[in-house]
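>>> How does the following fold in three dimensions:
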Amino acid sequence: MIKRAISVLLAVLVLATLCACGSAKKAPENSDPAAPAADQPLAFQSSCRLSSDAEVTLLRAFASHTVEPPIMNNFWGVVDASTSGNIFVIVSAKVKNLGTKDVALADLLEASIKPEAGGTPVIATAYMITEHGTHEERNPAIAAKATELCYFAFSVAEGRENNAYTLTLTTPDGSAKDVTFCAKDFSNSSISVGQTVSDDTEELTLDKVYFSTKLSATNSDFYMEADEGNIFFIVKVTVKNLSDSELTYDSLAGVRCVFNITEEYPGACLFEENDGTRLSHFPGQSSLAPEDTGVCYFVFEVPKGLQNAPKIVTLYAAGEFFTVSAS
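Just a heads-up that it's a prediction; the model follows:
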């Protein structure tokens, strides 16, 4: 009799335990153990969870007369503010959609800046950088669980780009987080001839930075020649495809060059073919296979008088901006 009573009691206890486990609250669909805490402050170079649907990592801030993808070999889709007497203050960020559905960027968050000295807030025009950094889209959808590189561009009066601003990110439910910044406080890493940078996609070595009136492939006698009175400014790199799929040459890197602070000239990306016996002008139509290595030339035709002019050369590769030592 006692044994039967104990058995019944144990059965009741087991049943009660199972019921308690079954009624435990399920974790929300959007929960992510690796996601930052919801109370984490907004700051550059760190991730911040804005809501159950949005996570953002602020990368850097910079001023520019144009909004364009970091790899700008064909000058596709440039948005220019200089014609209106304004300049863009741009905040780059990685935005992650934590939800289970594709959502337009504007439905995840809104970005605005306000001068620290007082004034009217400026609402950003948001762009998403796609296709390995070669294209930009205005207010696109971000796929569920995906992370995208985005530019938040704020048009301000020329001369005010280096003022201190408060950046505010607001979610649809009205919650907001902010951080104060100044674009002039951000600087790129530097890269010199002979140095190599890499990520999971590519490995790039800066081979040479030079002026020349002629350009030819490594193993070719044929050459291109600059127009009379002009000279080529050339940035030569070697790139290896570390990914498991083909990458077009125009998605591997990008170079911009500004002379005398404001003078910018369009460039072209050329690459070697046939064991370095010829140069191709169509980087978007040719690919580099996984584990293959290629040689690229970023060429700017400029007046000869700019050879000794001050210049700022920016290289975008391996997901980062680098200031090129061009002395």
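
>>> going forward, measure contacts between C-alpha atoms and count neighbours the same way
Will do.

>>> Distance check, Ser216 against Glu225.
Using Cα to Cα, to the nearest Å, one gets 9 Å for the distance from Ser216 to Glu225.

>>> same question but for Asp207, I mixed them up
Taken as Cα to Cα, the span from Asp207 to Glu225 is 21 Å.

>>> Ok, Leu108 next?
Taken as Cα to Cα, the span from Leu108 to Glu225 is 50 Å.

>>> more crowded one of those two?
Leu108 (25 against 15; other Cα atoms under 10 Å).

>>> Is the more buried one in contact with Pro172, as I believe?
Yes: with contact defined as Cα atoms under 8 Å, Leu108 counts as touching Pro172 (6.8 Å).

>>> Ala81 touches Ile90, doesn't it?
No: counting by Cα under 8 Å, Ala81 does not reach Ile90; the two are 11.9 Å apart.

>>> So for these two, which sits in the more crowded spot?
Shown here are Ala81 and Ile90; by other Cα under 10 Å, Ile90 has more neighbours (25 against 19).

>>> Looking at strand pairing, list the partners for that one.
Per DSSP bridges, the residues bridged to Ile90 are Phe62, Ala153.

>>> what residues are up against it?
61-64, 151-154 (Cα atoms under 8 Å, 6 or more residues apart in numbering).

>>> got a pLDDT number for it?
We note a pLDDT of 89 for Ile90 in this prediction.

>>> same question, the one 3 residues further on
At Ala93 the predicted local confidence, pLDDT, stands at 89.

>>> go on, Thr314?
pLDDT, Thr314: 86.

>>> Look up the residues forming beta bridges with the closest residue in space to it that isn't next to it in sequence.
Nearest non-adjacent residue to Thr314, counting by Cα to Cα, 6 or more residues apart in numbering: Thr323, 4.7 Å away. Thr323 has these beta-bridge partners by DSSP bridges: Ser190, Thr314.

>>> Run through the stretch 101-250 of the chain and note the low-pLDDT ranges.
129-137, 139 (pLDDT under 70).

>>> now with 80?
126-140, 250 (pLDDT under 80).

>>> Helices of this protein, start to end?
Secondary structure of the chain by DSSP state H: the helices cover 2-22.

>>> how near is the residue nearest to Thr213 when sequence neighbours are not counted to Tyr210?
Using Cα to Cα, 6+ apart and skipping the chain neighbours, the partner closest in space to Thr213 is Ile231 (4.8 Å). Ile231 sits at a distance of 10 Å from Tyr210 (criterion: Cα to Cα).

>>> of these two, who's got more company?
When Ile231 is set against Tyr210 and neighbours are counted by other Cα under 10 Å, the residue ahead is Ile231, at 22 against 13.
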